[in-house]
Every structure is written in structure tokens, then in C-alpha cells.
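> could you look at this predicted model? Sequence included:
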Amino acid sequence: MTEKLLYDQDGHVVTLTFNMPDTRNALTDMDLCSAIVAAMHRIGRDPSVRCAIVTGAGKAFSSGGNLKHMKEKSSIFGGDAIDAKDGYRNGIQQLAKAMWECEVPLIAAVNGPAYGAGCDTTCLCDIRIASTRATFAENFVRVGLISGDGGAWLLPRQIGLSRAAEMTFTGEPVDAETALAWGLVSTVVEPDDLLPEARVLAARIAVNPPRQLRMAKRLLREGLNTRLDIVLELAAAYQGACHQTEDHAEAVDSLLEKRAPAFSGR
């Protein structure tokens, strides 16, 4: 059977590819969900990984929910109300938690439509770059549902409450240029340039010391919901740890000696 998630590591950068183009990479497939969760844990445990790219095979990044599963009441949509609740909690919500808690910087390379849970999955990444063919839709109401994977929490933090409400209440897609203007993505590039651009950005990130990258990401995450005094206290603890690392000494030495640093993760 074809792997539903491709895991490829090149140096310090991992590329994850949703590999179910026949379903437009629908995330309600439990095997794909489980594979993404496992990949996030694998990345988090691997000190050699400094950045990861998330993208989709075929023409779509992800269509979100599989309409066939909805129609058949299968996968996470099966059973009564309690069964459906458990399906969400044990499926797509595990994916959301694993991606959000991943300490390694994540780049979404959005190659095509990112709808529903697909749109929300891009918001679980730290940086989004889009192909000119990308579109984004928080289209749950169009299928008589609401976001079950954290979109109501994620999307307003990316584009503000008013625009998030517009996307949520209309269910209408926005194109890549609108996503850029709204701050949902950082860059829009031609389709053939998407993965090369993502890899260049990942390489720019991966030249930095790995432990400090992970701590920097954790501080950004904590800053979304925590008081300044608490973030300052956490930052002080992190700084104390950073000052004791070999990579800090190497960074200072390399700057003073005007040479490229060689970080070890120690």
C-alpha cells in the first residue's frame, strides 16, 4: 500500500507530504491522522531535526473532511453523538495537539486548496507560504458542521477576529493574494517555486542552534496566552540554560572571528 504520509529528511530539515491525492489529502482518514501524530513525535524526539516542511501531494494541500465518510457515517463521523465526539477526540484533535505541541519550527508549503481541517492545519504551522494556486476556506458551515479541530481558536490568532468570522460565517474561500494581504501567509510564489522556496527558508532556520530554536518557538507559543511577567520568568530560565551551552559559546566565537558557526546541539 502506498504510504499515506511521506517522511523525508535532508540534513536538518524534514519534509512531510500528505500522500492521498485521490482524496485530496483528506485528514479524516485515521491512518493519515495517526501517521502525522507519529511524525510529530518522531521529529520532536530527534535532535538532528531543526525545521520541518508540511505539504500535500497532487493538486491540493488538504480538502479537510472526506465527504464520502460524512455521507457514509464512517471514520470519525460514525456512530451516535458520543461516538462522533470520541472520533474527533481520538482522530483529528490528536493531530491538532501533536502539531501545536511540536517544538520544531514548522513551515506549511500550501500547494493548492486548504479547506476546513486543511486550512486549520496550516494554522498549526509557524510559517505559511503559498503557491499562487493555493486557496483557503474555513468552510465547515457549507457542510452543516463547525470546526472540530481548533479552528475557532487558531484562525483568529492568525488573521484577527473580524476576518476569521468572515471566513467562518460565509465558508467562502480566499485566494493566495488575499491570504497574503490578511497575514495568513508570509509569501506567495509560483507553483514550481513553492518547495524550493520552502527549502530555502527551512535552511535559513536550520543554520541556527537546535535547542535555542525549540526554546524560541516555545516562548512564542506561551506568549499567545500568557501574561508578560510569566513569559519573562520563563525567558529568564531559558536564557540561564542557553548561556551554559556550547552552542552559545560557538555562536559568540563565530561572530567575533567572522566565520560560519558549527552548532552541535550541545
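Arrived safely, thanks for sending. Note that the coordinates shown come from a computational prediction; the quantities given were computed from them, not determined experimentally.

> break down the stretch 1-150 of the chain into its helices, ranges please.
Here the stretch 1-150 of the chain has its helices, by DSSP state H, counting those that start in this stretch, at 30-45, 67-72, 81-90, 92-101, 117-124.

> shaky segments in the stretch 1-150 of the chain?
Where the stretch 1-150 of the chain drops to pLDDT under 70, the residues are 1-2.

> got the residue ranges for the strands in this protein?
Taking DSSP state E, the strands of the chain run over residues 5-10, 13-18, 51-56, 106-110, 113-115, 127-131, 135-137, 174-175, 187-189.

> can you lay out these as CSV showing distance to residue 143 and mean neighbour count?
All C-beta spots, glycine's among them, are computed from the backbone N, C-alpha and C. As requested, the strands of the chain are exported to CSV (distance: least, C-beta to C-beta, whole Å; neighbours: other C-beta atoms under 10 Å):
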stretch, distance to residue 143, mean neighbour count
strand 5-10, 24, 14
strand 13-18, 20, 22
strand 51-56, 20, 26
strand 106-110, 21, 28
strand 113-115, 10, 27
strand 127-131, 23, 25
strand 135-137, 11, 24
strand 174-175, 18, 18
strand 187-189, 27, 18
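
> and those as CSV, adding distance to residue 262?
Formatted as CSV, the entries for the strands of the chain read as follows, by distance: least, C-beta to C-beta, whole Å:
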stretch, distance to residue 262
strand 5-10, 19
strand 13-18, 17
strand 51-56, 18
strand 106-110, 24
strand 113-115, 37
strand 127-131, 25
strand 135-137, 40
strand 174-175, 43
strand 187-189, 29
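
> what's the closest of those to residue 85?
Among the strands of the chain, the nearest to residue 85 by C-beta to C-beta is strand 113-115 (22.6 Å).

> the closest one packs against which elements?
Counting contacts by 3 or more C-beta pairs under 8 Å, 6 or more residues apart in numbering; DSSP states H and E, strand 113-115 is packed against strand 135-137.

> got a list of contacts for the strand it packs on?
Contact partners of strand 135-137, identified using C-beta atoms under 8 Å, 6 or more residues apart in numbering, comprise 110, 112-116, 119, 122, 167, 171-176, 179, 184.

> now do that strand: distance to the chain's middle.
15 Å (C-alpha atoms, centre = their mean, to the nearest Å).

> cool, stretch 217-229 as well?
Taking the mean C-alpha point of stretch 217-229 and that of its whole chain, the gap between them comes to 18 Å (C-alpha atoms, centre = their mean).

> and the average pLDDT for it is what?
Taken as a whole, stretch 217-229 has a mean pLDDT of 93.

> just the buried positions in that stretch, please.
Neighbour counts over stretch 217-229 (16 or more other C-beta atoms under 10 Å) mark residue 217 as buried.

> give me the contact list for it.
With C-beta under 8 Å, 6+ apart as the test, stretch 217-229 has contacts from 100, 103, 104, 105, 126, 157, 230, 231, 234, 235, 238.

> what pLDDT is listed against the closest residue to residue 120 other than its chain neighbours?
Nearest non-adjacent residue to residue 120, counting by C-beta to C-beta, 6 or more residues apart in numbering: residue 151, 4.0 Å away. Among the per-residue scores, residue 151 shows a pLDDT of 94.
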